[in-house]
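A.B. asks: Let's see this in three dimensions:
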Amino acid sequence: MTMSHNCDMKLFPWAGRFPGPYEVKLEDWIGDEKQKLLEELGESWLPYLTPRDAEFHQLWKTSYSKLLLRKADKIPQELHHIVQEAFLILQKHNCFFQDLVRIKEKDFLTPVSRILIGNPGCTYKYLNTRLFTVPWPMEDYEIKYCHPELFTACKALIKLNDYLNIEAVQALQEPNLSGTKETEDTAVTDREQDFSNFIKGSLLEDQSSLYTPRNDCTSLKYRTSYNLTLLNYMDPLQMPYLKQEPYFGMGNMAVSWHHDENLVERSTVAVYSYSCEGSASDKVNEQDVEGRDPADWHVGLKIAWDIKTPGLAIPLHPGDCYFMLDDLNMTHQHCVLAGFQPRFSSTHRVAECSTGTLEYIFGQCEVALQNLQVDSDSAALSLKSLEVQVVKEVEGIHNETSLVLGEVGKGERTMEQRNEIISCFLPLLTERQELRKEWTARCQCQLAMSLPEEQKPKCHPLWKDDDPSMPLPYDLEEVIANLQTLLE
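C.D. replies: Numbering: from 1, shown residues only. Just a heads-up that it's a prediction; the model follows:
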């Protein structure tokens, strides 16, 4: 397979930079549970702890033990060097974009700029937006990069990916894991030796297979075999507006409280954090500040919708890594609290992309085409089967639609047979119409229209309703209405 990508061009159909203010009203973001919690809190704050609090480590051990922090000085220096250089290369080549996401039928641009890098053909979906990976180097794949520096950056990130995989496996194997526990020096030495093998060009066996069977969730390796990383960048001082953390009074948030989406169940998330070095004047005198130091970046954690257990704010220094092990991402929520300096992060995930890869899509097209036959004399197209299950499968893949409509309009079938086919077919056609309308609206929203031309989302394919080369009109309202009439 040959894959090429020019990172100076637009990466995704819905991602881009937006120069204007990023204003989001609080009520636009909150669901029923969040609204109820805020009402219960009133004007008060929930308690949270930082390392300055005497109970901090005990709380971490009892309520947040599946959050593991690996401090920068426990990670090989050579890895720090190549990964931090990779961040700067990607920034230099304009590879970071804000994502146009959709929340509660409203469109927003993320305050954080992102790029997805990972296994060729993988995708990652969050907040109704699907991102496609820029591929990192892998055996058996001929990947062309528009600049040698981009190859260097992607190669560094897969090395980081392999290192974090080993760290996660070892962490999950430790009995009675405590988030604040440091491993013995011998274990660190062993991992540094493992990393030296990566530098020589070897890759973990887990990376040799792009897609692991979907239901094999019991395998520890499967739950730590990261297939992509979502990279983030933000310079807080360049943001005209940042949301305030609403429950604990933790200050400015770069990323709101959330569970990570679209992941293999109980899979570990690993995050490498790099905030650019600031000057001494940027630091805040800790004695003058209650709560967390606003100059430092933090990851915030809380038990989901729990107002009894205090939250945690864990400072992230340049080069620190943290791991959300096992089911922590399901039982807890986390946020990213902004400091003063620009920050990069690389968030490694086991994305659930069994139905979100190019390989899967091509396979589904093949399945649909198997129900299509061509007359050898007239070249006319027809369907091999109109069994309900076959029609449902084919229409779920979105193919051969006009042929089904033609068949149900013939008088060769009983009314019962015709109605059975239409009843199966109509909900799928209605869903397709709604998806088209939603995407068209997103492409034409004010935020999308404000983007530079090369970053605007595109409605593609898009055709006029009277286009003779297309089997059906783009707007399916009339087709749906005719089918509904046949059922009456």
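A.B. asks: CA only for contacts and neighbour counts going forward, please
C.D. replies: OK.
A.B. asks: Any buried residues in the host helix or strand of Leu160, and which?
C.D. replies: Leu160 is part of helix 148-173 when elements are defined by DSSP states H and E. Buried residues in helix 148-173, counting neighbours by 16 or more other C-alpha atoms under 10 Å, are found at 149-169, 171-172.
A.B. asks: likewise stretch 222-240?
C.D. replies: Using 16+ other C-alpha under 10 Å as the test for burial, stretch 222-240 gives 222-236.
A.B. asks: Return the member of these nearest to His348.
C.D. replies: Comparing the buried residues of stretch 222-240 against His348 with C-alpha to C-alpha places Thr229 closest, at 4.2 Å.
A.B. asks: who does the closest one bridge with?
C.D. replies: Judged by DSSP bridges, the bridge partners of Thr229 are Ile117, His348.
A.B. asks: can I assume Glu40 sits in a helix?
C.D. replies: Yes: the assignment for Glu40 (DSSP: H, G, I helix; E, B strand; the rest coil) places it in a helix.
A.B. asks: From Leu46, how far out is it?
C.D. replies: In this view, Glu40 and Leu46 are 11 Å apart by C-alpha to C-alpha, to the nearest Å.
A.B. asks: the more surrounded of those two?
C.D. replies: Neighbour count, other C-alpha atoms under 10 Å: between Glu40 and Leu46, Leu46 has more, with 16 against 11.
A.B. asks: So the more buried one is in contact with Pro310, correct?
C.D. replies: Yes: counting by C-alpha atoms under 8 Å, Pro310 is a contact partner of Leu46 at 6.9 Å.
A.B. asks: Output the below-cut-off pLDDT ranges for the stretch 351-488 of the chain.
C.D. replies: For the stretch 351-488 of the chain, applying pLDDT under 70 flags the ranges 365, 368-369, 371-372, 374, 379, 381-400, 402-404, 406.
A.B. asks: what ranges do the strands span in it?
C.D. replies: Ranges of strands within the stretch 351-488 of the chain are 372-374, 381-383, based on DSSP state E, counting those that start in this stretch.
A.B. asks: Same question for the stretch 151-300 of the chain.
C.D. replies: Under DSSP E, counting those that start in this stretch, the stretch 151-300 of the chain gives strands at 228-234, 253-258, 269-275, 297-303.
A.B. asks: Need the contact partners of the helix or strand following the last one.
C.D. replies: Past strand 297-303, heading to the C-terminal end, the next element that is a helix or strand (DSSP H and E) is strand 311-316. Where contact means C-alpha atoms under 8 Å, 6 or more residues apart in numbering, the residues beyond strand 311-316 that reach it are 46-51, 56, 60, 248, 250, 273, 292, 296-303.
A.B. asks: Try it again at 7 Å.
C.D. replies: 47-50, 273, 292, 296-302 (C-alpha atoms under 7 Å, 6 or more residues apart in numbering).
A.B. asks: of all the strands of the stretch 151-300 of the chain, which lies closest to Tyr241?
C.D. replies: strand 253-258 (10.0 Å).
A.B. asks: do you know which of the strands of the stretch 151-300 of the chain lies nearest Leu68?
C.D. replies: strand 269-275 (9.4 Å).
A.B. asks: Packing partners of the closest one?
C.D. replies: Contact analysis of strand 269-275 by 3 or more C-alpha pairs under 7 Å, 6 or more residues apart in numbering; DSSP states H and E lists strand 321-324, strand 343-349 as its packing neighbours.
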